[in-house]
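[1] task: produce atomic coordinates for the following.
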Amino acid sequence: MLRLYGSAKSRASRVLWLLGELDIPCDHKDWLPRSPETRTPEFRGLNPNARVPVIDDDGFILSESMAINCYLAKKHKSPLWPADPRNEALVLQWSLWETDRLDRQIVNYCRHTKDLPEAERKPEIAKASWEEVVPALDVLETALGKSEWLAGSSFSVADLNVASALYRGLFIDLGRWPRAKAWLARCWERPAAKRVRGMREGK
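    Below you'll find the predicted structure:
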C-alpha cells in the first residue's frame, strides 16, 4: 500500500486530494511540518530536507507535492492527467508557476494579516506579499477568461495543484478576480476536495 507522510494541514493536502480523486488507499502518517517525526534519522533517510509530503510507493520514494501528484496521476492513467502532450505541458507549467508566483506569497500574506497572533504580524511582509499575489491572480484571471480549466476542457491535475495551493483564497476577498473566484469554488466543491478540507479544518 502507498504510504504518505504529511499532515492535511500541510502541502500534503493536495496529495490527499488527488488520492481521493483516484480512489487510492494509503497508509497516512499525519505528520505536521517540522514535527519531531520529521527530524528523525529514519525520515531524513526518506527526505534529507526533512519536509513533508513524501510518498513511499512500493519502495519508490518521492518528495515535493507537485511532483508526487504528477507522478501518481500519470502512473494510474487518471483522466486528470491529459493525454495530449500540450495539455500535459500545461499541467507542468501551471504547477511550476504556482510554486514560484503564489504559494509562499499567499501564505505569508495570510499569516501576517490574520493567522499569526497580532503581536507577531508584520505589516510590511503582508504588504510585500500582497503586491506579488495581485499580479499572479491577474494572470490566473486572464487564463480563465480563455478557458474554464487550466489544461484542456476539463478539470485536471493543473487545476487541483493550483487550487489546493490557493486554499487560503477561500477566505480572502477575491472579488477583483471573479473568474478565479468561481473557478476556485468549483474546484473545492469536488467531493475529494471537500473531504480534504474537512480533514484540514478538523470537521
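[2] how many residues are close by Leu22?
    For Leu22, the number of neighbouring residues by other C-beta atoms under 10 Å comes to 18. Bear in mind the C-beta positions are built from the backbone N, C-alpha and C, glycine included.
[3] for Ser129, same thing?
    Ser129 has 21 neighbouring residues, counting by other C-beta under 10 Å.
[4] for the strand or helix carrying it, which outside residues touch it?
    Counting by DSSP states H and E, the element that carries Ser129 is helix 123-146. Outside helix 123-146, the residues that touch it by C-beta atoms under 8 Å, 6 or more residues apart in numbering are 97, 101-102, 105-106, 108-109, 111-113, 150, 162, 174, 176-180, 183.
[5] show me which of those residues are buried.
    Neighbour-count burial (16 or more other C-beta atoms under 10 Å) is assigned, among the contacts of helix 123-146, to 97, 101-102, 105-106, 108-109, 111-113, 150, 162, 174, 177, 179-180, 183.
[6] which residues of the protein fall in strands?
    Here the chain has its strands, by DSSP state E, at 2-5, 26-29, 54-57, 60-63.
[7] now do Thr98 against Gly6, distance only.
    Small correction: residue 98 is Glu, not Thr. The spacing between Glu98 and Gly6, counted by C-beta to C-beta, to the nearest Å, is 18 Å.
[8] picking up where we left off before, among the buried ones among the contacts of helix 123-146, which ones are in helices?
    Judged by DSSP state H, the subset of the buried ones among the contacts of helix 123-146 located in helices is 97, 101, 105-106, 108-109, 162, 179-180, 183.
[9] okay, these in CSV with pLDDT and distance to Tyr71 next?
    Formatted as CSV, these follow (pLDDT from 0 to 100; distance: C-beta to C-beta, whole Å):
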residue, pLDDT, distance to Tyr71
Trp97, 97, 19
Arg101, 95, 23
Gln105, 96, 26
Ile106, 96, 25
Asn108, 96, 28
Tyr109, 97, 30
Val162, 98, 17
Arg179, 98, 30
Ala180, 98, 27
Trp183, 98, 25
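[10] adding mean neighbour count as columns, could you present the strands of the chain in a markdown table?
    As requested, those are arranged in a markdown table below (neighbours: other C-beta atoms under 10 Å):
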| stretch | mean neighbour count |
| --- | --- |
| strand 2-5 | 20 |
| strand 26-29 | 16 |
| strand 54-57 | 20 |
| strand 60-63 | 14 |
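[11] okay if I get these as JSON lines plus distance to Glu189 and mean pLDDT?
    What follows is the strands of the chain, written out as JSON lines (distance: least, C-beta to C-beta, whole Å; pLDDT from 0 to 100):
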{"stretch": "strand 2-5", "distance to Glu189": "24", "mean pLDDT": "98"}
{"stretch": "strand 26-29", "distance to Glu189": "23", "mean pLDDT": "97"}
{"stretch": "strand 54-57", "distance to Glu189": "26", "mean pLDDT": "98"}
{"stretch": "strand 60-63", "distance to Glu189": "29", "mean pLDDT": "98"}
